[in-house]
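Student: take a look and give me a structure for this.
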Amino acid sequence: MNGVSVLQLYRNACEALGWIPRRLIEEALRRLDEGVNPLIVKLPTGYGKTSITLSMGLACRESGAGWLRVIHVLPMRSIVDDVEFRLRENLQKIGLAEIGVYKQYMGSPMTPFYCGRGIIVTTLDTFMMNLFKVPASEFRKLIELGYAHYDIPRANIYSSAIVFDEFHLLSGLGGLSEELKSLTSTLAAVRALCEVGVPLVISTATLPEILIEAISRILRRAGIEFHEKNILRWGELRDRSFEEYRRAVKVSLEVIEKHDVMKILKESHGRRVLFVANKVEKAVEIFRKIRQNLGVETRVTLLHGRLREDVKRQRVKDIDEAKVVVATQVVEAGIDKNFDILITDPCPLDRLIQRAGRIARFRESASGKIYVIELVDDEPYSGVYSGELTKDSMNALEELNGSSFPKLEFEEVLLEKMEQVYSRHISPSSLLDSRRLRILIDLDEQPLLGREDAKQALTNLEGFTDSFGLVAVFDASEISKGFSYEFSVGVSENMARKILGSEGIVVVRSASVRSLGEYINEAIKDIGEFKLISLREDSIKKLLNKKEPLTISLLKHGIEGLAVKRIDPVEGLVRT
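Tutor: Down below sits the predicted model:
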């Protein structure tokens, strides 16, 4: 790396922060210094993998680093704030606050075209749009007005180092989407970046070997060498200090009935409890029951993806003071918090490993308990995870029911069973959507394919990721006082359709009101450069009957998002 050693920068950072250097992090950075690319880092939960991004970010201030910035890509918007805060805090402690840390997603345009020098924490959907010629910050302009400056974010991506964090969650593997849009896009991005030598780190605790094989296949087809040295697995080297404290921590596993939950909570005796539900509605239901049964004096925090942005940010901060945290999958990765007890809905094993990774996470923990609610019907995972994977995962857990392990051994046992489960249900050859992959590769490689081609591809493929189509829903009672994305929630296309059909209220840019024309029923309120408008019933039906994704239909008419009268500041947007 032209004289710049990321490994040495890591060691310097550990000394400044009082960290114990992790031997396998050192090995990962040694390989990075040697030019190994891509580098898959498959290490345990709580091992400190985010320090790889920190160390690479430190290199940005050195001449000859090989990159101008590090782009850290996360699966969910809800964890971007926490990762960005921790990176910024560590740089301040080191005395290098001048290294910029930025976050980039809808509603937080700190560096819209990835121009920031330093570390950029972003979401998968934003990254994929920027890479494949649909700049996220100009998405509205591209759809409504037909222009966008896609070369700028692409140039910045190709002059960066990239970290794909929690790759198993980026892929969407184990979910219900048969298209695996996120996985295909991510694999296309891996190929595109590696072909031109962009440094790429794929970081994960629970990456199934079938996904590693899929990465290997797509790179080798493109003539890119991929060997065992490209993969750093736990166990290749010993890290005695980490092993000693993880083996000193004991965790127990018990499969319980649903009615046992409140009893466990009442008997927790001051220990910190994390309850993870698969669905927002279930999380809210449990949150209400806890407050009803344990009293309002019990500090309970609710965290899920349908809280207003301003509320969600505060909730992440509130976690440290809470006795009980009720959450959805937003806690599976990126949030570095510690609990004593986990109660969780049934889920595929890789998700369980991530959830269990929040238990007895820090050195001060001596033990932890993990309770998995038994699977008695399809409801707990219906609409979220693959039924086959969930049922097979739960069958594997039954073999461990009532057991107690050192935490490190527990995670190793679950990883082994995870590999067995995935190998029974998924093959590497079934993971790729060849048509989608070819379109994305052509978009990246062909300079004559421009914004109109990218726009058409995005529309025809119904987005580049599984989360594409998220529609902003605003709290009308709050934005009436002043417009801000802080008072919004991103919802799926299906939920957005239901809200549009029942509420019929939209937020429109004032300059675009004329384009709505006969769609308008009533102009409710002016909000700066926006207007709150109710739509006619027949107009709503026209929008809902269009074959293209709803988010594109809305943007074509200058509609920034939907609105509801109020989003509950405690429970969030809950629709039954």
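
Student: gap between the residue nearest to Lys282 when sequence neighbours are not counted and Lys312?
Tutor: Of all residues not flanking Lys282 in the chain, Asp345 sits nearest, at 6.9 Å (CB to CB, 6 or more residues apart in numbering). Where you see a C-beta, it was placed from the backbone N, CA and C, and this is true even at glycine. Relative to Lys312, Asp345 is positioned 21 Å away (CB to CB, to the nearest Å).

Student: repeat for Ala496
Tutor: 19 Å.

Student: ok, these two, which is more surrounded?
Tutor: Neighbours per residue, other CB atoms under 10 Å: of Ala496 and Lys312, the larger number sits with Ala496, 23 against 20.

Student: contact partners for Val4?
Tutor: Ala59, Glu62, Ser63, Gly64, Ala65, Gly66 (CB atoms under 8 Å, 6 or more residues apart in numbering).

Student: now do the same for the third one: helix, strand or coil?
Tutor: Using DSSP: H, G, I helix; E, B strand; the rest coil, the structure places Ser63 in coil.

Student: all helices of the stretch 101-250 of the chain, in order?
Tutor: All helices of the stretch 101-250 of the chain, identified by DSSP state H, counting those that start in this stretch, fall at 124-131, 139-144, 151-158, 167-171, 181-195, 209-221, 240-248.

Student: how about stretch 292-301: buried residues?
Tutor: Leu294, Val300, Thr301 (16 or more other CB atoms under 10 Å).

Student: in helices, which of the residues you listed appear?
Tutor: Leu294 (DSSP state H).

Student: kindly reformat the buried residues of stretch 292-301 as JSON lines containing distance to Phe139.
Tutor: As requested, the buried residues of stretch 292-301 are exported to JSON lines (distance: CB to CB, whole Å):
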{"residue": "Leu294", "distance to Phe139": "44"}
{"residue": "Val300", "distance to Phe139": "37"}
{"residue": "Thr301", "distance to Phe139": "33"}
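
Student: tell me the one among the buried residues of stretch 292-301 nearest to Lys181.
Tutor: Thr301 (32.1 Å; CB to CB).

Student: so what's the closest one up against?
Tutor: Taking CB under 8 Å, 6+ apart as the test, what Thr301 contacts is Arg315, Asp318, Ile319, Ala322, Val324, Val325, Val326.

Student: one more: Ser539?
Tutor: So Ser539 contacts Glu518, Tyr519, Ile520, Asn521 (CB under 8 Å, 6+ apart).

Student: got any ranges where the stretch 101-250 of the chain has weak pLDDT?
Tutor: Low-confidence segments of the stretch 101-250 of the chain, defined by pLDDT under 70: 106-110, 171-179.

Student: before we move on, the earlier item: and the furthest pair within the contacts of Thr301?
Tutor: Farthest apart among the contacts of Thr301 - using CB to CB - are Arg315 and Val324, which lie 12.9 Å from each other.

Student: neighbour count for the two, which is higher?
Tutor: Val324 (24 against 21).

Student: isn't the more buried one up against Lys266?
Tutor: No: at 10.9 Å, Val324 does not count as touching Lys266 under the criterion of CB atoms under 8 Å.

Student: quick one: common contacting residues for these two?
Tutor: With CB under 8 Å, 6+ apart as the test, Val324 and Lys266 both reach Leu294.

Student: give me the buried positions along the helix or strand Leu437 falls within.
Tutor: Following DSSP states H and E, one finds Leu437 within helix 434-445. Neighbour counts over helix 434-445 (16+ other CB under 10 Å) mark Arg436, Leu437, Ile439, Leu440, Ile441, Leu443, Asp444 as buried.

Student: one more: stretch 459-475?
Tutor: In stretch 459-475, counting by 16+ other CB under 10 Å, buried: 461, 463-475.

Student: those in helices, which ones?
Tutor: Going by DSSP H, the helices hold none of the buried residues of stretch 459-475.

Student: those residues in strands, which ones?
Tutor: Val471, Ala472, Val473, Phe474, Asp475 (DSSP state E).

Student: surely the second one and Gly561 touch.
Tutor: What it means is Ala472. Yes: if you go by CB under 8 Å, Ala472 and Gly561 touch, sitting 3.3 Å apart.

Student: what touches both of those two?
Tutor: Ser488, Val507.

Student: can you map out the strands along the stretch 351-500 of the chain?
Tutor: For the stretch 351-500 of the chain, strands defined by DSSP state E, counting those that start in this stretch occupy the ranges 367-373, 404-406, 471-475, 488-491.
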